[in-house]
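Engineer: take a look and give me a structure for this.
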Amino acid sequence: MDKTEKAKQYFQSHFNCAQSVLLTFAPDYGLPEATASRIAQAFGGGLARQGEICGAVTGAMMVIGLKYGKIRPEDNEAREKTYSLTQEFFSRFRKKHGALTCRQLLGIDLSQPDSYEQALARGLFDSICPNLIASSIQILEEIL
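Structural biologist: You can find the predicted model right below:
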């Protein structure tokens, strides 16, 4: 199974967008599944259902950090590589989808009362989110 299908399968199993992206790449970098799932949990719904940065984007940021993030204070090259690739990811994702925030991508502000239920009723998580997850996976595979 390719990474895009694996990520969609995580999402269909009721993991959020951030979890679905991070869980897909976690084994490649020695991150246990339970740890990856816990780390990414609060990033779903645009940062804990606040409609901010899309979970598929924040999940990708975590993957980039796992591969290139600095682990020694003096490793400025790793920091710059991480920032550069993250900015490249943002550019490609924004070009494809027009935005980075969950509220713009879904067309509903999840931070408002009853908005999560409205998004569920309108099928937004099923019709929009899998495509955003797939884009994140594809972009990551191109830039990593």
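
Engineer: how about Arg122, what does it touch?
Structural biologist: Ile108 (Cβ atoms under 8 Å, 6 or more residues apart in numbering). To be clear about C-beta, it is placed using only N, CA and C from the backbone, and glycine gets the same treatment.

Engineer: likewise for Leu23?
Structural biologist: Contacts of Leu23 by Cβ under 8 Å, 6+ apart are 7, 10, 15, 33, 36-37, 40.

Engineer: next SSE after the helix or strand hosting Ala36?
Structural biologist: Per DSSP states H and E, Ala36 falls inside helix 33-40. Reading on from helix 33-40 to the C-terminus, the next helix or strand found by DSSP H and E is helix 44-47.

Engineer: CA-only coordinates of that next one in PDB, if you can.
Structural biologist: Written as PDB, here are the backbone C-alpha positions of helix 44-47 (Å, rounded to 0.1, in the frame of the first residue of the first chain):
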ATOM      1  CA  GLY A  44      -6.600  18.300  14.200                       C
ATOM      2  CA  GLY A  45      -9.300  20.600  13.000                       C
ATOM      3  CA  GLY A  46      -6.800  23.400  12.500                       C
ATOM      4  CA  LEU A  47      -5.300  23.300  16.000                       C
END
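
Engineer: what is the mean pLDDT for that helix?
Structural biologist: Helix 44-47 shows a mean pLDDT of 96.

Engineer: contacts for that helix?
Structural biologist: 16-19, 51-55, 58, 101-103, 110, 116.

Engineer: could you pull out the buried residues of the lengthiest helix in the chain?
Structural biologist: Using DSSP state H, we find that the single longest helix of the chain is helix 76-97. For helix 76-97, the buried set under the neighbour-count rule, 16 or more other Cβ atoms under 10 Å, comprises 78, 81-82, 85-86, 89-90, 92-93, 97.

Engineer: distance from the chain centre to stretch 126-144, please.
Structural biologist: The chain centroid and the centroid of stretch 126-144 are separated by 8 Å under Cα atoms, centre = their mean, to the nearest Å.
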